[in-house]
Structures are given as structure tokens and as C-alpha cells.
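Undergrad: I need the structure of the sequence given here:
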Amino acid sequence: MIARWLFPILALLARPAHTQGPWGVAYRPLDTTVPRPAIVFLHGMWASPEDSCNVFARAATPFGFLVCPRGNAPLEGPEGTHWKMWKGTYVDAERQITAALDAAQALAPGKLDRAGPGTLIGYSNGAYFAAAVAGAERGRWPGLVLLSMKLDLDAGRLMAAGVKRVLLAAGDHDESQPSMRALAEQLAARGLATRFMSLGPGGHEFPADMPSRMCEAVAWVREADPAECSGSRR
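TA: Numbering: from 1, shown residues only. So this is what the prediction gives:
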């Protein structure tokens, strides 16, 4: 009888605390005894922080604050949806990121290290803007995880901006997959530590095991031990 109500309570307590608002969604790190960096996720088109941020919580919260800003351009959808996309330049995306970081600080006052070393994750339309922000904000985003988007990246510019590791990923049947594989080879040939990761046999969607795949991805770009993600299993 006790287990019937105790286990659900324990499961809820094990989940990282989070907050949300017009700016987006953010999750608190599992450990807030010391300042932690930001791990920022930029969603894709026809999406919102509410429907995608939780997928990355297990991968990000062992290492820092997961911060998911809302895109800056609205998209029409069914009543009650909050779909957005990203438009403009990196300045427009940076404005949204700043607002989300401001709000995320309330999860653990004084513990968000905004100076870095941060990690940027971008999916589809958000991947383009994640790369643009990293290339423009020198020394702030040494790790990049870019998902499911055809991109044209300059290894020299990224390295000059302090980017040290880039992980590119796509599903085996995603239209972006061949170009992302080729780009990984090109960046690596130019001396930028780059890796391609398959997201499995699917197309342009998150696989069921996306949390564990992203744990490996975030750990790799942060040069951290992926075993640290085991503490966030739910």
C-alpha cells in the first residue's frame, strides 16, 4: 500500500526542478552546490520549448542549467499551440537566449555561470542559429551539438570564436543526413574536433532514445564523462 503512493512521489522528487514562461523553459542542474554553466537548446520550426525541452533534461542537468528559449517568430497552428521558429540574425537569437538566461537564474540564485563554458544545442531551424551565435560570441560556447539541418560552417571562424568540439547528428532517413556526415568530415579535416552521430533509423524527428543519445552528445562536446548522466535517470 505504501509503495502505491511513495514511488510516484519519489519519482517526482528525482526530476530536476524547472520553470517556464513566455521566454521559454529551463531546468535546474542536479547539483547546485557550485556555479554551473548554461546548456542552451534552440528548438526547430513548428515546435516550442514546452514540447521539446524535457527531452534534453537528462542530458543537460548533470552538467548545468538546461535553458530552452522560445523562438522569435510565430507560426500559425491549431488554437492553443505556441509554435515558433527562428528568424533574423544571431542578434535576434541572442536576445531570446539572454531573456531565458535571466529567467533561469531564479531556479538557483547565484549559481548560473553565464560566462561559460557553455554548450549550444540546436535542432533543425534552431541548429543554424546555434551555430551563428557560437561563431559570434567569442569564447562563450566551446561545445556545439547541431541536429538535423543542412549547414555550411566555417571551421576557421568557429575555432577563432573558441569553439572546440562540434557534434553533428541526424536520423538515417533525414534529408540532412548525407550533408551533415560530409560536413563532419570537412570540419575535422580543417582541425576542428568534430563527430557525426546517427539518431537511428528514423527521419526528421526525435527517436525514442533521444535522451540517452543526447547525454552522450553533450558529454562529448563538454569533454565530460557520459556516466554522469546516470544520476538523472527517471
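Undergrad: following the lowest-mean-pLDDT helix or strand in the chain, which helix or strand shows up next?
TA: Within the chain, no helix or strand scores below helix 2-14, which has a mean of 38 by mean pLDDT, DSSP states H and E. Toward the C-terminus, helix 2-14 is succeeded by strand 18-21 as the next helix or strand (DSSP states H and E).
Undergrad: how about that next one: buried residues?
TA: Applying a neighbour-count criterion of 16 or more other CB atoms under 10 Å, one finds 18, 20 buried in strand 18-21. C-betas here are computed from N, CA, C, even on glycine.
Undergrad: report how many residues lie close to the residue lying closest to residue 32 once chain neighbours are set aside.
TA: Counting by CB to CB, 6 or more residues apart in numbering, residue 32 lies nearest to residue 108, which is 4.2 Å off, once chain neighbours are set aside. Residue 108: 17 surrounding residues under other CB atoms under 10 Å.
Undergrad: please apply the same query to residue 170.
TA: Neighbours around residue 170, by other CB under 10 Å: 28.
Undergrad: buried residues in stretch 28-39?
TA: So, applying 16+ other CB under 10 Å, buried residues of stretch 28-39: 28, 29, 30, 32, 36, 37, 38, 39.
Undergrad: so of these, which ones are in strands?
TA: Under the assignment DSSP state E, those contribute 36, 37, 38, 39 to strands.
Undergrad: so the third one makes contact with residue 112?
TA: Put plainly, it is residue 38. Yes. Judged on CB atoms under 8 Å, residue 38 makes contact with residue 112 at a distance of 6.5 Å.
Undergrad: which residues are in contact with each of the two?
TA: Common contact partners of residue 38 and residue 112 (CB atoms under 8 Å, 6 or more residues apart in numbering): 65, 101, 104.
Undergrad: so which of those residues are in helices?
TA: Mapping the shared contacts of residue 38 and residue 112 onto helices (DSSP state H) picks out 101, 104.
Undergrad: neighbour-wise, give me the winner out of the shared contacts of residue 38 and residue 112.
TA: Counting neighbours by other CB under 10 Å, residue 65 leads the shared contacts of residue 38 and residue 112 with 29 neighbours.
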